[in-house]
Structure formats: structure tokens, C-alpha cells
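[1] Any chance you could fold what I've pasted below:
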Amino acid sequence: MKNTLLLLCEDVTVDGKTNQWILFKHIEKVRLSVPVTERKEDQIISVKGRFNLVSFWDAKENEETEIKYLFVDESGDTLIDTQGYKLEGKEKPSTLKHRLVLAQIPVKDSGRYYFKIFKREAGSYREETQMGIDIVVDVKEKSPQEESLRNKEGE
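    Numbering: from 1, shown residues only. Reported below is the predicted structural model:
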């Protein structure tokens, strides 16, 4: 079984007539603003939102594999390690689709983050290296004055 596409998007809809997936708002870059007074060194920040990690697979009849996703930072530290998900080819040839919905993703600081796929066909998991999502996160620290001004404007 071979991975042919891996995307992070905001939403997915399935067309009832064709069973085709419609992907909305492909996510490439995330911008965060964190007040300096609330920021601690090496603190994990949760980016809240609706994140759909979508993967497409070419499969042969009766072909099975198990996949899992890792979300890592530039240094290789793992921030998300998912459970395994079983994929099974029922027709030949077929395209299997898998979606993982996340309500948040953790980040440490500005930089690049990667979703990676690992798969297990016989034995242990090994990295499926041909694909990965490169997410650029830009954490902008707000000064207390900016935060105070924003709060006054919202009143």
C-alpha cells in the first residue's frame, strides 16, 4: 500500500452521490499571538482549531496495512503520536482515504513542524518517507500594551 497524498485542511465534506471528498482551506501556515506576560520559556502552546489530516492510499485487493501519524518539531521531538489505524483494500485497484480530526495541535515556538506517516505491514512501524506536511508556525509575542489596547477595543 502506497501513500499518494497527505494534506492538512480545515474541513472535509463527502459528496453523497460520488463519494468524492471535497477538501476546504488547505493549511500551510499558522500565525499565533501570545501575550509576553503569559509566555513561559519552552511552554507548549495549543493551537485550537479544526484540523483535518487527510491521507490517500493506493491499495490492491485484500492488501492491509496499519498507519499512524507523528507531529514533530524541527529538532525531531514528537508532539503528537497517534494510535494505529487499520486500512484494508477491498477492491482492486482502489484508493483508500483516511482522515484524522484534531481540535488542536501543540507547538513550542516559531518554526517548522511536520506531520509524518508511519506504517506497519509486517512487524514494527517504519516511516513512510515520501510524504510529509511542513507547517510553518509564527508565534508573535504581544506586549502588555498591545493586549491592553485590544481588550479596550473589544469593550
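
[2] Correct me if wrong, but Val12 is in a helix.
    No - according to DSSP: H, G, I helix; E, B strand; the rest coil, Val12 belongs to no helix; its state is strand.

[3] Relative to Lys25, how far out is the closest residue to it other than its chain neighbours?
    Once flanking residues are discounted, Val12 sits nearest to Asn52: 5.0 Å by C-beta to C-beta, 6 or more residues apart in numbering. All C-beta atoms are positioned from the backbone trio N, CA, C, and that covers glycine. Between Asn52 and Lys25 the computed distance is 9 Å (C-beta to C-beta, to the nearest Å).

[4] Equivalent analysis for Tyr114, please.
    Between Tyr114 and Lys25 the computed distance is 20 Å (C-beta to C-beta).

[5] Which one of those two is surrounded by more residues?
    Neighbour totals were compared for Tyr114 and Lys25, and Tyr114 leads with 14 against 10 (other C-beta atoms under 10 Å).

[6] what pairs with the more buried one across the strands?
    Legend: beta-bridge partners of Tyr114 under DSSP bridges are Val72, Asp134.

[7] I'd say it and Ser75 touch.
    No - taking contacts as C-beta atoms under 8 Å, Tyr114 lies outside contact range of Ser75: 11.0 Å.

[8] Report the central residue of the chain.
    Residue closest to the mean C-alpha point of the chain, counted by C-alpha atoms, centre = their mean, is Leu53 at 4.7 Å.

[9] what sits against it?
    Counting by C-beta atoms under 8 Å, 6 or more residues apart in numbering, Leu53 makes contact with 6-8, 69, 99-102, 115, 133.

[10] make it 7 Å
    8, 69, 100, 102, 115 (C-beta atoms under 7 Å, 6 or more residues apart in numbering).

[11] excluding its backbone neighbours, what's nearest it?
    Leu100 (4.3 Å).

[12] Then Gln20?
    In space, Gln20 is closest to Val14, 7.4 Å off (C-beta to C-beta, 6+ apart).

[13] Correct me if wrong: that neighbour contacts Leu23.
    No - Val14 is beyond contact range of Leu23, at 10.6 Å (criterion: C-beta atoms under 7 Å).

[14] Fine, thanks again, bye for now.
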